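Asks: can't give you the sequence, but here's the structure:
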Ligand SMILES: Nc1nc2c(ncn2[C@@H]2O[C@H](COP(=O)(O)OP(=O)(O)OP(=O)(O)O)[C@@H](O)[C@H]2O)c(=O)[nH]1
Ligand SMILES: [Zn+2]
């Protein structure tokens, strides 16, 4: 157990907190009734009647949706990368999984942002199950986020757990807080990147990553 009362597996010692723990494990949680009451308050604040039939079950549905949309607070990112394989027949290039769809919520407005994640890493001796890269994206996406944090967190988790020769992470997303309200710029796309190791040090590696992303 560490200070936050979370069970840390031996191989997870030395990892950053955000990689080896689930935030909800150490945070006090309001009851379901309190959460539903908060939704009734928001319905009334919006100007509707929270007791009319059409919205009577809405607080329950919203809280159910929150359990799903913010599931990432109850997941340990490192667990996604638990399943690795050492039999690679000498494979020595990078592995790229591109066009991984994700949905998240911005921590400033709690409005959705959504798009695609592209993740590449150059393995040392082991490779990770491909689906686990998508699971890692979902764990971090299903929290209140900024796109920059999410990009850096995905990359750090891969770096710390897999110890690869290089990591490249690119996220492209539409932020509904920018397209549906406020400055209201539909179609605007935010790109964030993180390059380390071979992707940072070898320009050819970066060019190959970009070419594969753009399907050339
Ligand atoms: N850097 C970053 N900013 C974000 C992200 N998601 C939303 N934002 C921005 O967070 C900022 C919050 O700015 P504030 O001035 O505090 O809030 P606001 O008055 O609602 O701002 P407007 O959106 O400009 O109306 C806005 O500029 C948003 O576009 C993100 O993932 N990364
Ligand atoms: Zn926002």
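Replies: Sure, I can see it. Given the structure is predicted, the values throughout are model-derived calculations rather than measurements. Ligands and ions are numbered 1, 2, ... in the order given.

Asks: quick one: low-confidence parts of the protein?
Replies: Where the chain drops to pLDDT under 70, the residues are 1-8, 216.

Asks: what does it put close to ligand 1?
Replies: Residues of the chain lying near ligand 1 by CB under 6 Å from any ligand atom: 106, 108, 146, 147, 148, 175, 177, 178, 182, 183. Heads up, the C-betas are built off the backbone N, CA and C, glycines and all.

Asks: which members of the residues you listed occur in strands, if any?
Replies: Secondary structure from DSSP state E places 106, 175 of the residues of the chain next to ligand 1 in strands.

Asks: in ChimeraX, select just the buried ones from the residues of the chain next to ligand 1.
Replies: Filtering the residues of the chain next to ligand 1 down to the buried ones (16 or more other CB atoms under 10 Å) takes a single ChimeraX command:
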select :106,146,147,175,177,178
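
Asks: adding distance to ligand 2, write the residues of the chain next to ligand 1 out as a markdown table.
Replies: Shown next, in a markdown table, are the residues of the chain next to ligand 1 (distance: CB to the ion, whole Å):
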| residue | distance to ligand 2 |
| --- | --- |
| 106 | 3 |
| 108 | 4 |
| 146 | 9 |
| 147 | 10 |
| 148 | 13 |
| 175 | 6 |
| 177 | 3 |
| 178 | 7 |
| 182 | 8 |
| 183 | 11 |
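
Asks: of the residues of the chain next to ligand 1, closest to residue 134?
Replies: residue 147 (17.3 Å; CB to CB).

Asks: same list (the residues of the chain next to ligand 1) but as a markdown table, adding distance to residue 193.
Replies: Below are the residues of the chain next to ligand 1 laid out as a markdown table (distance: CB to CB, whole Å):
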| residue | distance to residue 193 |
| --- | --- |
| 106 | 19 |
| 108 | 21 |
| 146 | 14 |
| 147 | 11 |
| 148 | 10 |
| 175 | 17 |
| 177 | 21 |
| 178 | 19 |
| 182 | 25 |
| 183 | 23 |
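
Asks: quick one: which of the residues of the chain next to ligand 1 is nearest residue 118?
Replies: Using CB to CB, these come closest to residue 118 at residue 147, 13.3 Å.

Asks: spatially nearest residue to that closest one, not counting backbone neighbours?
Replies: Closest residue to residue 147 apart from its sequence neighbours, by CB to CB, 6 or more residues apart in numbering: residue 192 at 4.9 Å.

Asks: which of the residues of the chain next to ligand 1 fall in helices?
Replies: 147, 148, 177, 178 (DSSP state H).

Asks: which residue sits farthest out from the middle of this protein?
Replies: Ranked by distance from the centre of the chain (CA atoms, centre = their mean), the top residue is residue 52, with 36.6 Å.

Asks: contacts only, for that one.
Replies: Applying CB atoms under 8 Å, 6 or more residues apart in numbering to residue 52 gives no contacts.

Asks: SS state for the residue lying closest to residue 175 once chain neighbours are set aside?
Replies: Closest residue in space to residue 175, ignoring its immediate chain neighbours: residue 113 at 4.2 Å, by CB to CB, 6+ apart. The three-state assignment at residue 113 reads strand, by DSSP: H, G, I helix; E, B strand; the rest coil.

Asks: distance check, residue 33 against residue 50.
Replies: 14 Å (CB to CB, to the nearest Å).

Asks: who has more neighbours out of these two?
Replies: Legend: neighbour count by other CB atoms under 10 Å for residue 33 and residue 50, higher for residue 50 (17 against 10).
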